[in-house]
Each structure stands twice: as C-alpha cells, then as structure tokens.
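1. sharing a sequence plus its predicted fold:
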Amino acid sequence: MRHAVALHQSGDILGAQEGYDSILLLQPRHFDALHLSGVIAAQNKNPIKAIELIARAIAINANSVEAFVNLGIAHQDLSEFAKALVNFDLALILNPQYAQAHRGRGIALQDLHQTTEAIASYDRAIVIDPTYAEAHSNRGNALQELLQFDEAILSYDRAIVVMPQFAQAHHNRGNAFQGLKQFDEAVLSYDRAIVIDQDYAEAFYNRGVAFTGLENFPAAIASYDRSIILQPTYAKAHGNRGNALQEMQCFDEAILSYDKAILLEPDYAEVHNNRANALHENQEFEAAMLGYDKAILINPNYVEAYVNRGTALQDQHQFALARLDYNRAIELNPLHADAHWNKSLLLLLLGEFDPGWSIYEWRWKRAALMALKRNFPQPLWLGSESLVGKTILLHAEQGFGDIFQFCRYVELVAALGAQVILEIPVALMEILSPLLGVAQFIVRGNALPAFDYHCPLLSLPLAFHTDLTNIPSALGYLESNTDKVLVWQARLGPKTKPRVGLVWSGNALHKNDRNRSLLLEDLMEYLPSDYQYVCLQQEIRRDDEQALEDHPDVLHFGCDLENFSDTAAVCQLMDIVISVDTSVAHLAAGLGKPVWLLLPYSPDWRWLLERNDSPWYPSVALYRQMSTGDWVSVFENIRADLLALGEDILLTFQANAED
C-alpha cells in the first residue's frame with residue numbers, strides 16, 4: 001500500500017492503480033485501496049466510477065473525512081451539487097476544522113447559486129488555514145459573481161501572495177479586471193498566468209477578450225489563435241475570433257471562423273446570430289435571415305437576434321416585419337435599450353415623429369452612449385417648464401453633422417425667454433459663433449456657469465413636438481466667415497467654370513461607412529467636364545490617392561482646410577455641393593448652398609423615404625440608391641442633372657463673366 005501511494009504521489013497514476021488493484025484482489029474490502037482508486041477515477045475524468053468506489057470505501061469506514069470530501073468532489077464533477085453538499089457537510093460533522101471540506105462546501109453552494117453562503121464557507125476555510133490559496137481564489141470567483149470585482153481582486157492577490165505560481169488565480173484576477181473594464185491590467189494578469197502555464201488555453205482566450213475590449217483586434221485574433229492551437233475544439237474561441245475579424249470588417253474570414261464554431265457546437269445560438277451579422281454586413285441578406293432564424297429557433301427568447309433581424313429587415317425595406325421584431329424584443333425584455341433605439345430609428349425614418357422622438361430618448365441607456373450622458377443636478381428640460389427668465393444649457397452630442405442639423409433649435413429656445421448657453425466642441429466654435437440666440441458659448445470640457453435647466457441638442461425636436469409640418473427649416477441658418485471667403489476666393493483664383501464641391505467619403509470609423517462612402521474614381525467617371533471640381537475633404541484615403549493624381553483638375557487643399565470655418569468658406573464659393581452623407585453635407589446645407597446628397601438604399605433616418613427633397617434643408621436634393629449597393633444609377637442621375645443644369649448655369653456664368 002505504501003508503495004502504491006508513493007507512486008500515486010509521484011504522478012505515476014498507472015503504477016498506483018496497478019498497486020491498488022493488486023491489494024483489492026487480496027482484500028476486496030480494503031478501505032484505502034477503494035478510496036484512492038476512486039480518487040484516480042476522478043483524476044481520469046470518470047466521476048461515475050469514482051463515486052462507486054468511494055461510496056464502497058465509506059460503507060466500510062464511515063469515519064473518513066477525506067473520503068466524504070472526495071465523494072463530494074466526484075458528485076460535483078457530475079453536476080450533482082446537492083449531493084456534493086451533503087457529503088461536504090458529513091465531512092464537517094466528522095471534523096469541523098477540515099478546511100478542504102469548507103472549501104468544497106463553498107464550491108457546491110456556489111454551483112447552487114447560493115453565492116453569499118459560499119463566501120461564508122470559503123471564509124471559514126481561510127480562518128482555519130490562512131495560507132489556503134485555493135480557498136482565497138474560490139472566494140474571489142464568488143465575489144466576481146456578485147460583481148464585487150475590487151474585493152475579488154484582493155482575494156486573488158492573497159492567493160498569489162501565498163502561491164505566486166498559481167496560474168488560475170492570475171487568470172481569474174484578469175477576469176475581475178475585465179469586469180472593471182480595466183483591460184490593460186487584465187492583459188497583464190493573463191500574461192502572468194501564461195508565463196506560468198504556457199498551455200493555458202482559457203487564459204489565451206480571455207486575453208483575446210481583453211484585447212477586444214482594448215479594440216486591439218489583431219492582438220485579440222493572435223490570442224484566440226493560440227487558444228485554438230492548444231484546444232482545437234474550443235468553440236467559444238472560434239466564435240470570438242469571428243467577432244474580432246468582424247470588427248476589422250474582414251467579414252468573409254469572420255464567417256469562416258463562425259462556421260468552425262458551429263461545426264463544433266451546432267446549437268451555439270450566439271454564433272449563429274453573429275455569423276448572420278457578418279452576412280448582413282456583407283449584404284448577403286438571404287443567408288443572414290436564415291442565420292437569425294436559426295439563432296431564434298435554438299433560443300426563442302434571444303432578444304439580440306430579434307433586434308439584429310429587425311435591422312436586417314429594415315435595410316431590405318421590410319419595415320412592417322422589422323417593427324414586429326423590435327416589438328418582440330421589447331416584449332421579451334422591456335429594458336433592452338437597443339431594441340427601443342432601433343425601433344425609434346425606424347419610426348423616424350417612416351416619418352412617425354411623435355412616437356419616434358420619445359423612444360429616441362432610449363439612446364442614453366445604450367452602452368455606446370451611456371458614457372456620454374450628462375448627469376447634472378439641474379433638471380432635464382423637454383418642453384414642459386417655462387423658460388422665461390431662466391438659463392438653459394444646450395449641449396452637443398454625437399457627431400458634427402448632428403450638431404449642424406440641430407443647432408437650428410437654439411433660436412427657438414431663446415425665443416421662449418431663456419438665456420441660452422451652448423456647449424460645443426472646440427472644432428465648431430468658430431463656425432457656430434454667429435449662431436442666433438446664443439447668450440454664451442462654452443467649449444466642451446471647460447467649466448460651466450450656473451444654469452437652471454439643460455437639454456441635449458437631439459432632444460430638442462421632442463421638446464418642440466417636431467413633426468413633418470413644423471420642422472424649423474430656415475434657409476441658411478449657418479454663416480461663413482466673410483474674411484475667410486475672401487481668402488479662399490483668392491486661393492481658388494479666377495472662376496472659369498461653375499464650381500462643384502465634392503465629398504465622396506466620410507469618417508472610416510463610422511458604423512455605416514461601407515454603405516455611404518465611395519471611391520473617387522467611380523464618381524469621376526460620371527462627372528461632366530464642364531465644371532471645376534473642388535475637394536471639400538481634408539483627408540484622402542489611400543484608395544483615392546491615385547485617383548486624385550489621375551485627375552489633377554480636381555482641386556484638393558488637404559490640411560489647409562484647417563477647420564469647419566475654412567470648409568464653410570470654400571462651400572460658400574461653390575455653385576453646387578455633391579456629397580455623401582457626412583458632416584460637410586450638413587454644413588453646406590445649413591449655409592443654404594445647393595447640396596446634392598448621395599444616399600444608400602437604407603438611408604439614415606433623417607432623410608426619410610421615397611422623396612427627393614428634405615424637409616430639414618430646403619436646398620438639398622436627394623439621390624437615392626434603388627437597390628442595395630447600386631451607386632451606378634445614382635451616378636447616372638447626377639450626370640444627367642449636371643448636364644441638364646449645365647446649359648443654364650453656363651449661360652448665367654457667361655453673362656456674369658461679361659458683366
């Protein structure tokens with residue numbers, strides 16, 4: 001027996017088992033041989049055999065604390081947590097000071113979702129043995145379940161002080177830092193775990209999750225790849241690898257990763273949903289719909305799948321079905337912010353402003369905007385309270401285009417008798433400084449003066465009960481700087497042709513950029529030569545650099561357009577601005593310049609549907625795709641209208657030149 005135990009302790013499991021078997025041939029009721037054979041069965045991932053052997057041992061000797069603890073562990077391996085708890089309790093009856101039994105009891109209670117009681121059991125184990133590293137680590141896990149991440153980290157730290165090479169404690173510490181969204185610290189903890197155990201697949205996986213939180217997607221993919229090498233059947237790693245690839249807009253590669261995850265785990269609803277998202281982004285709508293349907297079939301209460309399917313249906317102009325999916329998501333989870341948000345965008349797109357503006361307020365509960373919400377002690381004003389003699393802070397939110405569009409409400413607020421403080425980004429200070437109705441401008445981030453109420457700019461349509469009949473749409477509510485116009489007039493030189501300002505791409509980080517931005521070469525192919533074209537973009541993407549070289553007649557000033565005030569001055573000198581849906585289009589339209597706006601098949605809500613004009617901007621003409629991705633018909637319409645307009649513009653231009 002001593003020889004078999006020595007082999008067992010040295011890690012020679014096969015030799016130990018042969019020794020125990022030899023003993024059991026001689027003495028079938030040998031307690032230690034039965035008990036330790038059960039321990040080996042548990043080590044070999046055979047909990048059923050372990051339970052059988054250890055139970056036989058206990059039937060011979062019911063006074064062994066260790067046997068009851070090991071029987072409890074075997075029941076846990078079979079997810080029989082209530083039975084495990086009974087065995088740990090029996091062990092503690094025999095020896096209330098047995099720290100391992102308290103720890104085992106804590107694990108069983110945690111598995112039974114009795115987390116507070118589990119922590120109490122871990123605490124008893126630690127009181128008995130303050131150097132019990134595993135108990136400290138388990139206590140940290142339980143605290144994480146209660147979202148007490150700071151306390152959890154302290155427990156992991158205590159475990160690591162006792163056992164510096166405790167890879168699992170380092171790993172779980174990383175998970176706690178992730179819970180605090182301290183992703184850099186999480187990566188460091190995972191790195192320490194990996195140094196200790198280079199084959200720790202879960203640590204590589206979670207390091208990938210942390211890198212995703214840092215938006216370092218290449219590093220995330222590298223970590224997922226390593227976890228997959230170590231554990232090729234790791235479905236979650238394949239799935240999350242797909243998510244990282246999708247964030248990098250590598251949709252075809254993402255789909256391949258999702259396919260591998262689904263092959264390993266066919267009923268992985270989340271991966272079916274994420275794969276459908278990638279197909280949607282790839283404009284493979286039919287396949288995307290099948291993916292969402294499969295996710296919902298697996299999990300009929302999958303709120304996110306309903307929301308995502310609703311978005312895909314909306315992009316295909318199946319608005320009634322999209323509304324049904326948003327409503328179903330809200331029915332399943334009335335507090336799901338994205339479901340309400342997406343429904344509001346659908347209603348606004350359809351011109352149903354009355355419910356749309358109200359539901360649009362859900363934007364502040366979305367994860368993407370929650371950090372931007374302003375929490376002032378002063379009340380939010382949404383139109384109910386009198387503003388006579390009051391001071392109200394209007395604060396910018398979201399993108400520059402939104403600010404240009406909704407700053408038109410400032411004058412209406414001032415007309416209610418209020419002193420208006422307008423807080424905006426410094427980049428807009430010069431262009432918006434002439435705005436009517438503003439008593440004081442504040443650069444965002446600077447100290448604020450006293451005020452009575454506040455309102456974000458995009459809540460003003462709700463406050464003023466804006467509908468399609470009363471949109472404040474005065475022509476030219478923004479102004480360009482006269483001195484800058486003169487500077488740019490000289491810079492452009494004598495006007496020999498009518499001038500057209502061009503904007504063909506926006507912020508590459510914009511969620512919908514793939515659908516709204518163009519290649520310059522594709523646009524230039526359709527533009528007639530009777531006009532002088534001026535680039536109104538500061539930044540030129542690498543894909544467009546060659547096109548600009550090939551078209552030296554397109555004027556491009558790059559970084560000389562230092563701010564929106566410069567851009568406004570150049571816009572003022574254009575006869576027409578042709579633009580995709582970017583902030584420059586809003587700026588030019590706010591100046592009252594004729595803007596020809598190129599829109600994807602599924603446009604932003606503010607451009608509504610099935611109309612070629614905009615109630616927001618009298619000077620805007622809308623050119624819409626007739627099907628997803630069909631820019632050719634848009635370009636052809638632009639060309640035809642430029643040619644038709646050209647004769648009139650040229651006659652006027654020649655007459656002005658003669659004068």
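-> Sure, I can see it. Note that the structure is a prediction, hence the values are computed from the model and not measured.
2. now do the strands in the protein.
-> Residue ranges of the strands in the chain, as given by DSSP state E, are 391-395, 419-424, 440-443, 453-456, 499-503, 532-535, 576-580, 595-599, 620-624.
3. nearest to Glu304, out of these?
-> strand 453-456 (26.4 Å; Cβ to Cβ). For every residue, glycine as well, the C-beta is placed using N, CA and C.
4. tell me which of the strands of the chain lies nearest to Ile107.
-> strand 453-456 (48.1 Å).
5. want to throw the strands of the chain into TSV with mean pLDDT and mean neighbour count?
-> Formatted as TSV, these follow (pLDDT from 0 to 100; neighbours: other Cβ atoms under 10 Å):
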stretch	mean pLDDT	mean neighbour count
strand 391-395	98	22
strand 419-424	97	22
strand 440-443	97	15
strand 453-456	98	21
strand 499-503	96	24
strand 532-535	96	20
strand 576-580	97	25
strand 595-599	97	23
strand 620-624	97	19
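6. ok, which of those comes nearest Gln97?
-> Using Cβ to Cβ, the nearest of these to Gln97 is strand 453-456, at 60.7 Å.
7. tell me how far the residue nearest to Gln546 when sequence neighbours are not counted lies from Tyr623.
-> Residue nearest to Gln546 in three dimensions, not counting chain neighbours: Glu521, with 7.8 Å by Cβ to Cβ, 6 or more residues apart in numbering. In this structure, Glu521 and Tyr623 are 19 Å apart, going by Cβ to Cβ, to the nearest Å.
8. repeat that for Ile576.
-> Counting by Cβ to Cβ, the gap from Ile576 to Tyr623 is 12 Å.
9. show me whatever sits in contact with both of the two.
-> Trp596 (Cβ atoms under 8 Å, 6 or more residues apart in numbering).
10. got JSON lines for the strands of the chain, with distance to Ala135 too?
-> Shown next, in JSON lines, are these (distance: least, Cβ to Cβ, whole Å):
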{"stretch": "strand 391-395", "distance to Ala135": "50"}
{"stretch": "strand 419-424", "distance to Ala135": "52"}
{"stretch": "strand 440-443", "distance to Ala135": "53"}
{"stretch": "strand 453-456", "distance to Ala135": "49"}
{"stretch": "strand 499-503", "distance to Ala135": "63"}
{"stretch": "strand 532-535", "distance to Ala135": "66"}
{"stretch": "strand 576-580", "distance to Ala135": "60"}
{"stretch": "strand 595-599", "distance to Ala135": "62"}
{"stretch": "strand 620-624", "distance to Ala135": "65"}
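11. out of those strands, which is closest to Ala42?
-> When the strands of the chain are compared (using Cβ to Cβ), the closest one is strand 453-456, at 59.1 Å.
12. could I get the full set of helices for the stretch 51-200 of the chain?
-> Assigned by DSSP state H, counting those that start in this stretch, the stretch 51-200 of the chain shows helices spanning 65-77, 81-94, 99-111, 115-128, 133-145, 149-162, 167-179, 183-196.
13. ditto for the stretch 501-650 of the chain
-> Using DSSP H, counting those that start in this stretch, helices in the stretch 501-650 of the chain cover 513-516, 520-524, 542-550, 564-572, 583-590, 631-658.
14. which stretch in the ones you listed has the least confidence?
-> Per-stretch averages of pLDDT across those put helix 631-658 at the bottom, with a mean of 79.
15. ranking helices and strands of the protein by mean pLDDT, which lands last?
-> Lowest on mean pLDDT, DSSP states H and E among the helices and strands of the chain sits helix 631-658, with a mean of 79.
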